[in-house]
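Participant: would you be able to build a 3D model of this:
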Amino acid sequence: MTQLPTLTQKKLGLVIDLDTCVGCHACVISCKGWNTENYGAPLSDQDPYGADPSGTFLNRVHSYEVQPAQGDAQLIHFPKSCLHCEDAPCVTVCPTGASYKRVEDGIVLVNESDCIGCGLCAWACPYGAREMDAAEGVMKKCTLCVDRIYNENLPEVDREPSCVRTCPSNARHFGDLGDPDSDVSKLVAERGGMDLMPEQGTKPVNQYLPPRLKDRLAQDDEQIDILAPYLEPVATEAKGFLNWLDKTLEKL
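Facilitator: As a prediction, this is how the structure comes out:
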């Protein structure tokens, strides 16, 4: 069984803002594209255009309608991938040592050449963040785009996970959550970032920023016509050419 490091030099991870995620799935597509063309074995698809398609994804977005204690129901888009837990059960359960957590940055990875596809790590993960690739027979998971963030051949602006770089609503943030002065740590402190399923005791590095209550536009007994401002007449009396045309048409 693989041992977890007692301490990591950094805690690289994601902060996901559930208040601004619009559920566009751009992060899903960019993740699929980058990881199919680069790191490790490709993310295969089975019968993608048939009646029963399936495939391997390292990041998925689920949508839920929730009813807050106060206010109206909200549609929440919930992205989910590996949370790179400090106490990662997927690592300690691995019989070959293929799953491991890096000391230098805390990223949890899979050495695919040592993976035997037993699936124990998927059973141990309480978040369902690991997926078996049907074509390759190895376990796949989010790598935080380790091949991007340290790649000096890329421009500095691109040295972040593909999902973060692609997000159009700036709902995804990347950084060192072990540094209290980092931008992501300050964001978590300011917005009350939270662990996913803390009762599992895995100490996930990734954090979620909770959705905020939406402002009410009207009282329950009021209705708002959002098109009304655009339907108001621009002018009440025709002038110039339009005035002449109006009078001419009246004589016909």
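Participant: now the helices for the stretch 151-252 of the chain?
Facilitator: 162-166, 183-191, 228-231, 240-251 (DSSP state H, counting those that start in this stretch).
Participant: name the stretch among the ones you listed that sits most buried.
Facilitator: helix 162-166 (a mean of 21; mean count of other Cβ atoms under 10 Å). Heads up, the C-betas are built off the backbone N, CA and C, glycines and all.
Participant: tell me the mean pLDDT for that helix?
Facilitator: Helix 162-166 comes out with an average pLDDT of 97.
Participant: can you show me the CA trace of the helix or strand bottoming out on mean pLDDT in the chain as PDB?
Facilitator: The helix or strand with the lowest mean pLDDT-type score in the chain, counting by mean pLDDT, DSSP states H and E, is helix 228-231 (a mean of 72). Provided in PDB are the C-alpha atoms of helix 228-231 (Å, rounded to 0.1, in the frame of the first residue of the first chain):
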ATOM      1  CA  ALA A 228     -41.500  47.100 -21.200                       C
ATOM      2  CA  PRO A 229     -38.600  49.600 -21.400                       C
ATOM      3  CA  TYR A 230     -37.900  48.400 -25.000                       C
ATOM      4  CA  LEU A 231     -41.600  48.600 -26.100                       C
END
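Participant: for the stretch 101-250 of the chain, which spans come out with low pLDDT?
Facilitator: 215-226, 233-236, 238 (pLDDT under 70).
Participant: if you set the cut-off to 80 instead, what comes out?
Facilitator: Residue ranges of the stretch 101-250 of the chain with pLDDT under 80: 213-250.
Participant: need the distance between the two termini of stretch 143-159.
Facilitator: Using Cα to Cα, to the nearest Å, the end-to-end distance of stretch 143-159 comes out at 13 Å.
Participant: of the helices of the stretch 151-252 of the chain, which is nearest Arg172?
Facilitator: In terms of Cβ to Cβ, the element of the helices of the stretch 151-252 of the chain nearest to Arg172 is helix 162-166, at 4.5 Å.
Participant: Val164 reaches Gly175, doesn't it?
Facilitator: No - using Cβ atoms under 8 Å, Val164 makes no contact with Gly175, being 9.6 Å away.
Participant: can you lay out the helices of the stretch 151-252 of the chain as TSV showing distance to Asn35?
Facilitator: As requested, the helices of the stretch 151-252 of the chain are arranged in TSV below (distance: least, Cβ to Cβ, whole Å):
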stretch	distance to Asn35
helix 162-166	8
helix 183-191	22
helix 228-231	45
helix 240-251	60
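Participant: mind checking these for the one nearest to Asp17?
Facilitator: helix 183-191 (7.6 Å).
Participant: contacts for that closest one, please.
Facilitator: 13, 15, 17, 173-177, 179-180, 193, 207, 209-210 (Cβ atoms under 8 Å, 6 or more residues apart in numbering).
Participant: turn those into CSV, columns for distance to Asn35.
Facilitator: Shown next, in CSV, are the contacts of helix 183-191 (distance: Cβ to Cβ, whole Å):
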residue, distance to Asn35
Gly13, 17
Val15, 21
Asp17, 23
His173, 20
Phe174, 16
Gly175, 21
Asp176, 22
Leu177, 22
Asp179, 27
Pro180, 31
Gly193, 26
Gln207, 22
Leu209, 25
Pro210, 29
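Participant: buried ones only from the residues you listed, please, as a ChimeraX command.
Facilitator: Those of those that count as buried under 16 or more other Cβ atoms under 10 Å are selected in ChimeraX with:
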select :13,15,17,173,174,175,176,177,193,207,209
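Participant: ranges for the strands of the stretch 101-250 of the chain?
Facilitator: 108-110, 131-132, 139-140, 172-176, 207-209 (DSSP state E, counting those that start in this stretch).
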